[in-house]
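coords please:
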Amino acid sequence: MQQRAQETRLAVIEGAALVFAGIGYAKASLADIIAHAEVTKGALYFHFTSKRDLALAVIEEQHSKVLAAGAGILGTSTPALDKIIELCRMFGRQLLDEPIVRAGIRLTFEASAFQADVSGPYEDWIGTVEGLLEQAKAEGGVRADLDAAAFGRYLVASFTGVQLVSDVLTGRDDVLQRIEQMWEFMLPAIAPVPPGSPD
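Next up, the predicted model:
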């Protein structure tokens, strides 16, 4: 795809993200998206056949942004548990700073409106957390008997709830604080048991 076409496609996705993040899938119109993207109707339809197609592209772009930012954290020599915590903080910052991330998350909650399977990003995140927890067990950073798969699913569900409630109550103004509180509750439950302590 030529550079100009790629730039136009991204402009459409960014315009759509602003609209989807602001008013949701059901209320969004292609006319609104064209206006926010500052492209022609022909340019939009060259890249996307429908509003559903565009919503799926926003979710895909959101997932790509999270993965790209996460790769920088995963590539460090930081202990595995610290990587998990930093991934949550990073995602929280992206929810504040990145319209595409906000839109992608909103669209995953509204996916029934456009009949889409949006399980992939969640499964990726759960799998990443599970792998890091196994590493953290080997490093002695968490309890040796911790069920990594179960906690991975629980963490992703908890984070999802924390950011959703923060959005509803404060427009995510307090999301970073709430993420820290989430970890304050979780860390004692997964901390390694000191030698000689009763189970």
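
shaky segments in this protein?
Along the chain, segments meeting pLDDT under 70 span 1, 196-199.

hey, where'd the helices end up in it?
Taking DSSP state H, the helices of the chain run over residues 3-27, 30-37, 41-47, 51-74, 80-97, 99-109, 119-139, 148-170, 175-190.

could you say what helices and strands the first one packs with?
Looking back up the chat, that one is helix 3-27. Counting contacts by 3 or more Cβ pairs under 8 Å, 6 or more residues apart in numbering; DSSP states H and E, helix 3-27 is packed against helix 30-37, helix 41-47, helix 51-74, helix 99-109. For glycine as for every other residue, the C-beta is placed from the backbone atoms N, C-alpha and C.

In contact with the closest residue to residue 99 other than its chain neighbours, which residues?
Nearest residue to residue 99, sequence neighbours excluded (Cβ to Cβ, 6 or more residues apart in numbering): residue 17, at 4.7 Å. Neighbouring residues of residue 17 by Cβ atoms under 8 Å, 6 or more residues apart in numbering: 58, 61-62, 99-100, 102-104.

Look up how far residue 32 lies from residue 17.
12 Å (Cβ to Cβ, to the nearest Å).

Over to residue 173?
Distance from residue 173 to residue 32, by Cβ to Cβ: 25 Å.

And those two? Which one has more around it.
residue 32 (17 against 12; other Cβ atoms under 10 Å).

From what I see, that one and residue 21 are in contact.
No - between residue 32 and residue 21 there is no contact under Cβ atoms under 8 Å: 12.0 Å.

burial measure for residue 119, as a count.
Residue 119 has 11 nearby residues by other Cβ under 10 Å.

do the same with residue 42
8.

wait, what's in contact with it?
Residue 42 touches nothing, counting by Cβ under 8 Å, 6+ apart.

repeat that with 10 Å
Counting by Cβ atoms under 10 Å, 6 or more residues apart in numbering, residue 42 touches residue 34.

ditto for residue 148
With Cβ under 10 Å, 6+ apart, residue 148 has these contacts: 129-137, 142.

Return a ChimeraX selection command for the buried portion of those residues.
Selection of the buried residues among these in ChimeraX, burial being defined by 16 or more other Cβ atoms under 10 Å:
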select :129,130,132,133,134,135,136,137,142
